[in-house]
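# I need the structure of the sequence given here:
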Amino acid sequence: MVSFNDLGAYQDSFSRYGVAGSDLAVWVGYKQVYRHMSGWQNAAKKIPVSEKTLYRMFSMTKPVTVTAAMQLYERCLFRLDDPLSDYLPEFADMRVRERAADGSERIVPAGNPILIRHLFEMTAGFDYDKDSPEMSHWVDEKDTDHTLADFSKLIASRPLQFEPGTRWLYSVAHDILARLVEVISGMSIGEYVRRYIFDPIGMDSAVYRLTPEKEKDLCQISRPDEKTGLPVTTDLGRTLYCGRKFEGGGAGLIMTVDDYAKFTAMLTHKGKAENGARILAETTVDLIRTNRLSGVRLSDFQSVRTRVGYGYGLGMRTHIDRAASGSLTPLGEFGWGGMLGTYMAAIPEKRISIVYAMQVLSCPQRTLIRSMICSMACAALEYERIL
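Numbering: from 1, shown residues only. Prediction:
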């Protein structure tokens, strides 16, 4: 059997993968039942990971954006099958890459409109190609006042990778979803999530930009040394999420593990926060975690080994086949992860919330580490007789 001691020892071993510091929180109900912090927030200054440590959440921003959009959906301010161009006119006349069997390519008018549900599902035809001429120009202009409105127009100017709705491809779709929230609500995405998600839940540390006094609490980024595999400090490198004012829907949020655990517990309890605040309806959370993929779209999603046995709902993975996944998490577990190693899992059937954070680049074991942690945590909860 796996105990919490085994789980802690496993987490402590991650330095061999280039992980300088990490933090794992496991909640049952609204109570933290396990917490283990390992390694350094700043190795050079010998500052250990602590509850105050702040993490770049990157793609764990996406569940927050989805929550914001679904609040507007509950108010009937849009339908999932509405054309995106009804709200963002720049997406009215899209083009798509058409590839022939001989490998040749041409750009043709798209036959299908982008629907709002395609943004949630990652089936709109967008990509994450930072090296395309248009995106590379955006990335290299770091000292700017670019906004989501500017980014939306940039994405609309690029050809789609496939006809909307026909394939699954991880992309900037949730950034465009955040722009939709801005247009419908009349607020910036940062203002909206602060007013309707962070403040009601009590997520005080969650921000898009750190004040100078908070920068000291930001966890440094590490990578594996090419020879030893041990952690060495590195920088973030090129990223789409840059500029003085840019607030991304797909990445950009910074916060503590404690605050992301509050958000995860809200999802675990089907929209109800620890303090009683109702963020989403129960039926909305069930819709979010219902798999929407089949056929080639599901195959696209499961091309990553640790996604086998999982489907994809409205912006988050969802566990649909334990035999295929080999995971010890129950069916219906859902959540997402971030580029630097952050990860969350919400398990309503067991009232379990799991949040893990590290900040490491170029770590081949990243996806395996995170899925193993979730499995071990669920097993340890039974061994420790907490469930």
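# can you list contacts of the longest helix anywhere in the chain?
Across the chain, the helix with the greatest residue count (assigned by DSSP state H) is helix 366-383. If you take C-beta atoms under 8 Å, 6 or more residues apart in numbering as the criterion, helix 366-383 is touched by 1-4, 6-7, 10-11, 14, 17, 19, 24, 26, 28, 33-34, 304-306, 327-330, 333, 337, 341, 343, 345, 347, 350, 352, 354, 356, 360, 363, 387. To be clear about C-beta, it is placed using only N, CA and C from the backbone, and glycine gets the same treatment.
# can you tell me the SS state at Lys270?
coil (DSSP: H, G, I helix; E, B strand; the rest coil).
# contacts only, for it.
280-282, 285-286, 348.
# for the closest residue to Val304 other than its chain neighbours, give its distance to Tyr310.
Closest residue in space to Val304, ignoring its immediate chain neighbours: Thr367 at 6.6 Å, by C-beta to C-beta, 6 or more residues apart in numbering. Using C-beta to C-beta, to the nearest Å, we find Thr367 at a distance of 12 Å from Tyr310.
# the more surrounded of the two?
The neighbour comparison of Thr367 against Tyr310 (other C-beta atoms under 10 Å) goes to Tyr310, with 26 against 16.
# tell me what that one is bridged to.
His319 (DSSP bridges).
# follow-up on the earlier one: report the buried members of the contacts of helix 366-383.
2, 4, 7, 10-11, 14, 17, 19, 24, 26, 28, 33-34, 306, 327-329, 333, 337, 341, 343, 345, 347, 350, 352, 354, 356, 360, 363 (16 or more other C-beta atoms under 10 Å).
# of the residues you listed, which belong to strands?
24, 26, 28, 33-34, 337, 343, 345, 347, 352, 354, 356 (DSSP state E).
# now tabulate those in a markdown table and tack on distance to Ala149 and pLDDT.
Formatted as a markdown table, those follow (distance: C-beta to C-beta, whole Å; pLDDT from 0 to 100):
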| residue | distance to Ala149 | pLDDT |
| --- | --- | --- |
| Leu24 | 38 | 98 |
| Val26 | 40 | 98 |
| Val28 | 42 | 98 |
| Val33 | 43 | 98 |
| Tyr34 | 43 | 98 |
| Gly337 | 28 | 97 |
| Tyr343 | 31 | 98 |
| Ala345 | 33 | 98 |
| Ile347 | 37 | 98 |
| Ile352 | 39 | 98 |
| Ile354 | 35 | 98 |
| Tyr356 | 34 | 98 |
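# what are the boundaries of the strands in the chain?
Under DSSP E, the chain gives strands at 21-28, 31-42, 47-48, 55-56, 95-99, 105-109, 221-224, 231-234, 254-255, 310-312, 317-319, 334-337, 343-347, 352-358.
# reformat those strands as a markdown table; add distance to Met203.
As requested, the strands of the chain are exported to a markdown table (distance: least, C-beta to C-beta, whole Å):
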| stretch | distance to Met203 |
| --- | --- |
| strand 21-28 | 14 |
| strand 31-42 | 15 |
| strand 47-48 | 23 |
| strand 55-56 | 13 |
| strand 95-99 | 39 |
| strand 105-109 | 43 |
| strand 221-224 | 23 |
| strand 231-234 | 28 |
| strand 254-255 | 6 |
| strand 310-312 | 25 |
| strand 317-319 | 22 |
| strand 334-337 | 17 |
| strand 343-347 | 13 |
| strand 352-358 | 12 |
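# looking at the ones you listed, which is closest to Glu213?
Of all the strands of the chain, strand 254-255 sits nearest to Glu213, with 13.8 Å by C-beta to C-beta.
# ok, the nearest residue to Leu77 once chain neighbours are set aside - contacts?
Closest residue to Leu77 apart from its sequence neighbours, by C-beta to C-beta, 6+ apart: Ile184 at 5.2 Å. By C-beta under 8 Å, 6+ apart, Ile184 lies in contact with 72, 77-78, 87.
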